[in-house]
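*Asks:* Below: sequence and its predicted model.
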Amino acid sequence: MLKTIRLEEAVLRAKKLADDKLAKGENADEFVLIGEADDFRLYITAGKTVKETYPEGLHENPRDVFMLILEGQLELAFKNGAKQIFKTRECFVLPKHTKHKCVFKKMTVALEGVYEEGLWHEIKK
């Protein structure tokens, strides 16, 4: 039997988690798992950056990340100084090991997918 996912409920849950952090004056970048198959995971992500224009330091992901912006806006800044803005109904794939910083200038909700095979097998050990 296939599991039914109510996207609206997942979005509301992610926003609630983000709002709880924002109420404390903290940056929010919250994830709600909505599905997984063969270590491919789908999340609803909700967030907003409040403390800084850009978080200090670059980070990278060990796997490619797909993101579809459902509402709001995400700005990425890269190691070479380039910036790119993604708005509602735009999507992208961020290649693994790309050094970047993320800023959510307003409450942003996205569908995020990542194949986490190696990462999750290491955590389960």
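*Replies:* In hand now; what should we look at? This is a predicted model, so every value here is computed, not measured. Numbers count the residues shown, from 1 in each chain.
*Asks:* which ones are touching the residue sitting nearest the centre point of the chain?
*Replies:* For the chain, residue 45 is the residue whose C-alpha lies nearest the centre (C-alpha atoms, centre = their mean; 4.7 Å). Contacts for residue 45 (C-beta atoms under 8 Å, 6 or more residues apart in numbering) come out as 14, 29-32, 67, 108-112. The way it works is simple: take the backbone N, C-alpha and C, and place the C-beta from them, glycine included.
*Asks:* Could you list the residues in contact with the longest helix anywhere in the chain?
*Replies:* Determined from DSSP state H, the single longest helix within the chain is helix 7-23. With contact meaning C-beta under 8 Å, 6+ apart, helix 7-23 is reached by 27-32, 34, 44-48, 50, 70, 107, 109.
*Asks:* and if we set it to 6 Å?
*Replies:* By C-beta atoms under 6 Å, 6 or more residues apart in numbering, the residues outside helix 7-23 that reach it are 28, 30, 32, 34, 44, 46-47, 109.
*Asks:* all strands in this structure, in order from the N-terminus.
*Replies:* Taking DSSP state E, the strands of the chain run over residues 28-37, 40-48, 65-71, 73-78, 83-87, 91-94, 100-104, 108-115.
*Asks:* Now the shortest one - C-alpha only, CSV.
*Replies:* This points to strand 91-94. What follows is strand 91-94, C-alpha atoms only, in CSV (Å, rounded to 0.1, in the frame of the first residue of the first chain):
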residue,chain,number,x,y,z
CYS,A,91,14.3,24.5,-9.1
PHE,A,92,17.9,23.5,-9.3
VAL,A,93,20.4,20.7,-8.5
LEU,A,94,23.3,21.8,-6.3
